[in-house]
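Trainee: Next come a sequence and a model predicted from it.
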Amino acid sequence: MTTYPPRSPSVRFSEFSELAIFSDIANPESYSSGDIDRFKWESIRIGQSMAGLLANTPPEAIPQEYLYECVGNELLLKRGLTKEASARKRAHVRAIVLGQHLMNKKDLSNLSTVSSHWARTRAEKTAIAYSTFLKSE
């Protein structure tokens, strides 16, 4: 009689993704390495432009429409922040995937809460900043 190891809890994780819209894609069916490089550098350029405007303009002088364009691009505002956030996300996923084989659901939930605290803190600070800017309009 064949015995199988006990099944781990049914937890599924997927890769995270980010959506960026660019209007001048040569072939929307597939992206070449040149397209990907162009997207990367365009994102960096946009982030630097946004960071410059936000750093050098009083909050009351920033148009509300511009702030809406910034939503979702916060990681582009500071050099290295995208890389840091990606590393933290990978570490979080790695911790949860390893933990799901060793922990019960409650302990896994606690691990997830502790491991993702940085993301909740960043999201709260971002929301407060947008609220502050938008109230001045």
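Mentor: Thanks, I have it. Every value quoted in this text rests on a predicted model; they were computed, and no experiment measured them. Residues are numbered from 1 along each chain as shown.

Trainee: Check which helices and strands the helix or strand hosting Arg120 sits against.
Mentor: Using DSSP states H and E, Arg120 sits within helix 117-135. In terms of contacts (3 or more Cβ pairs under 8 Å, 6 or more residues apart in numbering; DSSP states H and E), helix 117-135 is packed against helix 64-70, helix 81-99. All C-beta spots, glycine's among them, are computed from the backbone N, C-alpha and C.

Trainee: do that again at 7 Å, thanks
Mentor: Where contact means 3 or more Cβ pairs under 7 Å, 6 or more residues apart in numbering; DSSP states H and E, helix 117-135 is packed against helix 64-70.

Trainee: which stretches of this protein have low pLDDT?
Mentor: Low-confidence segments of the chain (pLDDT under 70): 1-29, 133-137.

Trainee: Which helix runs longest in it?
Mentor: Ranked by number of residues, the top helix in the chain under DSSP state H is helix 33-56.

Trainee: just to revisit the earlier point, hmm, who's touching the helix holding Arg120?
Mentor: For helix 117-135, the external contacting residues (Cβ atoms under 7 Å, 6 or more residues apart in numbering) are 59, 62, 64, 67, 74, 88.

Trainee: If we only consider these, which is nearest to Gly52?
Mentor: Among the contacts of helix 117-135, Ile62 lies closest to Gly52 (Cβ to Cβ), at 11.9 Å.

Trainee: Could you count how many residues lie near the closest one?
Mentor: 17 (other Cβ atoms under 10 Å).

Trainee: That one and Gln48, how far apart?
Mentor: Distance, Ile62 to Gln48, by Cβ to Cβ, to the nearest Å: 16 Å.

Trainee: related to what we said a few turns ago, would you indicate which residues of the longest helix of the chain are buried?
Mentor: Neighbour-count burial for helix 33-56 flags 35, 38, 43, 47, 50-51, 54 (criterion: 16 or more other Cβ atoms under 10 Å).
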